[in-house]
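> turn this into a structure:
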Amino acid sequence: MSTDGVGKLDLQGVSDAADLVGLLRELKQRSGLTLRELEERARARGEPLARSTVSDMLRGIRLPAPGTVAAFVRACGAHETDVEAWLEARRRAEEGASARPSEPAPDPGAGIVAGARRTRSWVTALRPGGLTRRARSWVLAGEITTGLVAVALWTLSTALGAAPASSPAVPPDVDAAARELRGFAEIRPARTPRLCLTEGRDTRGEYLNAVAAQLPCEEARPPHTYLRPVEPTAAGTSYFIEWQHPQHGRGCLTVRREGPGKDLLEPWPWKSCDATRTYQHFRIEPAATTEARYRLRLEGTQRCVGLRADSTETGADATVEPCSKAADQQFLIRAAA
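Numbers count the residues shown, from 1 in each chain. This is a model prediction of the structure:
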């Protein structure tokens, strides 16, 4: 890659972990390299750079270690003389962090999780003013045991090579077509099948909570996506698009109905997902007759999931808009292990 583009990144402007993560993501995008290719390039230099580590770093899950930053920028093609500038930027990010980037903010109304604008806790916006005090305790105290159990189960299932816990078996009277849609899945925009619908952020920067966006599938998990029927015994049921995350637990994609995040899809904690909230229910319908493409229609409406401004760009956020035959409303849905 050309290192001229690398040199134009404003490292001097880094004052916190969110700034650093944003530039690291930009550096990767400019490099045009996949996580696997970055890992291989680093290995050729004798430097460890696991794909999982890079994925966590680019998600802002934790502030990367200095060695990880150095190995990453070298693998992306930066000059050796630029490495120290990146390490200095990392030092400023560490000094500017008001909380560890791997933890939710202690007060959901206080601001962004230090370390990543896109990984603010899933439990921050059940209403325009945020969660009630009682709901906030789901993370902070009230149900900490449940959270620990969820993380323990997640860790155990990962160690055993299995996906997180899923629903009971589908009743035998449900038709085969409906059964195929249930379970762990990848939802890929049909125009950009290398991208998956996963956790991202508002590209306008107006809404701070995590929202659904399209990102490279190799970086899409966690969270794991699970299509969970609202009415398990019904053949024509709508679905919760459930996310399962080792840090945030379970949540379901919910359409924001007002405020700066209006029409974006935000994960709400599972205890706030139920059969009465139709703005959490999605009909999965054929979108074309020639290919296995689907559209996601909000139950009881003529509004469907699409991409903001019909974008094919990495990071574009998903939004709910009037249903049409537009290509950005067509998705490939595949089973995921």
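
> for the spatially most central residue of the chain, name its beta-bridge partners.
By CA atoms, centre = their mean, the chain has its centre lying nearest to residue 199, at 1.3 Å. Going by DSSP bridges, residue 199 is paired in beta bridges with residue 212.

> wouldn't it be in contact with residue 210 here?
Yes. The pair residue 199 and residue 210 passes the contact test of CB atoms under 8 Å, sitting 5.1 Å apart. The way it works is simple: take the backbone N, C-alpha and C, and place the C-beta from them, glycine included.

> mean confidence for the host helix or strand of residue 68?
Assigned by DSSP states H and E, residue 68 falls within helix 66-75. Helix 66-75 carries an average pLDDT of 90.

> ok, stretch 293-310 next?
pLDDT averaged over stretch 293-310 gives 94.

> what's next to it, contact-wise?
187, 189-190, 203, 214, 238, 241, 255, 265, 278-279, 281-287, 316-324, 326-333 (CB atoms under 8 Å, 6 or more residues apart in numbering).

> then stretch 65-85?
1-3, 6-7, 11, 24, 27-28, 30-31, 33, 38-39, 41-42, 45, 47-49, 53-54, 57, 64, 86-87, 90.

> mark which of those residues are buried, thanks.
6, 11, 24, 27-28, 30-31, 33, 38-39, 41-42, 47, 49, 53-54, 57, 64, 86, 90 (16 or more other CB atoms under 10 Å).

> mind checking which of those are in helices?
If you go by DSSP state H, those have 6, 24, 27-28, 30-31, 38-39, 41-42, 53-54, 57, 86, 90 in helices.

> quick check, residue 304 in a strand?
Yes. Under DSSP: H, G, I helix; E, B strand; the rest coil, residue 304 falls within a strand.

> tell me, how many residues neighbour it?
By other CB atoms under 10 Å, 24 other residues sit near residue 304.

> how about the one 10 residues further on?
Other residues within reach of residue 314 by the criterion other CB under 10 Å amount to 17.

> alpha carbons of stretch 207-218, as CSV, please.
C-alpha atoms of stretch 207-218 as CSV (Å, rounded to 0.1, in the frame of the first residue of the first chain):
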residue,chain,number,x,y,z
TYR,A,207,-26.5,8.8,18.1
LEU,A,208,-23.9,7.4,20.5
ASN,A,209,-25.3,3.9,21.3
ALA,A,210,-24.4,0.7,19.4
VAL,A,211,-26.6,0.2,16.3
ALA,A,212,-26.7,-2.3,13.4
ALA,A,213,-24.3,-1.7,10.5
GLN,A,214,-22.6,-3.6,7.8
LEU,A,215,-19.0,-4.6,8.5
PRO,A,216,-16.7,-7.3,7.1
CYS,A,217,-18.1,-10.7,8.1
GLU,A,218,-14.7,-11.8,9.5
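
> how far off centre is it?
Remark: stretch 207-218 is offset 4 Å from the chain centroid, using CA atoms, centre = their mean, to the nearest Å.

> what's the mean pLDDT across that stretch?
For stretch 207-218, the per-residue pLDDT averages 91.
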